[in-house]
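Asker: using only what follows, build the 3D model:
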Amino acid sequence: MQVEAIQRYAHGLSFQAEYSWNRSLDDVPIVGGPQDPYDNRADRGDSESVRRHIFTIAYGYDLPLGPGKRFASVPGPAGKLLGGWQIAGITYLRSGVPFSVTFNATQAGWFSSRADLVRDPRLPRSQRSIDRWFDPAAFAVPAPFTYGNSARNLLFGPGDIVVDFSVLKNTTIGENVTVQFRAELFNLPNHANFANPAANISVPASVGHIFGAGDPRQIQFGLKILF
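Answerer: Got it, this is the predicted structure:
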């Protein structure tokens, strides 16, 4: 399902906002093969790369400053300094991606696979943290030479918030030369977007903990001469 709102360029402003709800089921894990090659239905679950909820907003705005604009319409060097500014950005708010809880087999001929589910592993939102994203005690190692009964991609990891923003300044010099300055900020609020937690119950010291995160804030500048 998808809903969107579009503002086509008018009065210096354009933007597009979109929300989508997604659900995709399959029985083909991205990593590794099926748990039981004779029972593909046991692997049916949410697709690894599909996020349930995605909200996106993209926008651009020409600031109404400088010659011919609503504010500070002054000639000369002051007009060159005040005019030609643009801002743009894109923001994503996305729910997490699914993952399975696994174990390591300890006997020859017994393959590692998904763990057994013994109770609801989901924690209330108020109790989730990077040190305990789900309840590891809700899973157990299956009986030897049996397959785990927990569903593939039973749980979902943390969502993320991505805010990218840019400022652009065009300055015309003479008739044929334009100097363009650009500042780009990625992950503007420096928000920590965490990875999925460790999910192997055979490593109790790490299971349920989150160790990875996306990139921190990055800033880059550019200067271009157009002629």
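Asker: what about Pro98, neighbour count?
Answerer: Counted with other CB atoms under 10 Å, the neighbours of Pro98 add up to 21. Glycine gets a C-beta too; all of them are placed from N, C-alpha and C.
Asker: excluding sequence neighbours, find me the nearest residue to it.
Answerer: Closest residue in space to Pro98, ignoring its immediate chain neighbours: Asn153 at 3.5 Å, by CB to CB, 6 or more residues apart in numbering.
Asker: residues touching that neighbour, list them.
Answerer: By CB atoms under 8 Å, 6 or more residues apart in numbering, Asn153 lies in contact with 45-48, 98-100.
Asker: any idea which element it lies in?
Answerer: Counting by DSSP states H and E, there is no helix or strand that carries Asn153.
Asker: now it: how far from Phe186?
Answerer: For Asn153, the distance to Phe186 (CB to CB, to the nearest Å) stands at 29 Å.
Asker: now swap in Pro34 and tell me
Answerer: Distance from Pro34 to Phe186, by CB to CB: 38 Å.
Asker: shaky segments in this protein?
Answerer: By pLDDT under 70, the weakly predicted segments of the chain are 108-109.
Asker: what are the ranges of the helices in the protein?
Answerer: With helices called from DSSP state H, the chain shows them at 76-82.
Asker: now do the same contact list for the residue most central in space within it.
Answerer: Among the residues of the chain, Asp160 comes closest to the average C-alpha position under CA atoms, centre = their mean, at 4.7 Å. By CB under 8 Å, 6+ apart, Asp160 lies in contact with 92-94, 96, 191, 193-194, 214.
Asker: now the residues you listed: which count as buried?
Answerer: Using 16 or more other CB atoms under 10 Å as the burial test, the contacts of Asp160 include 92, 94, 96, 193-194 as buried.
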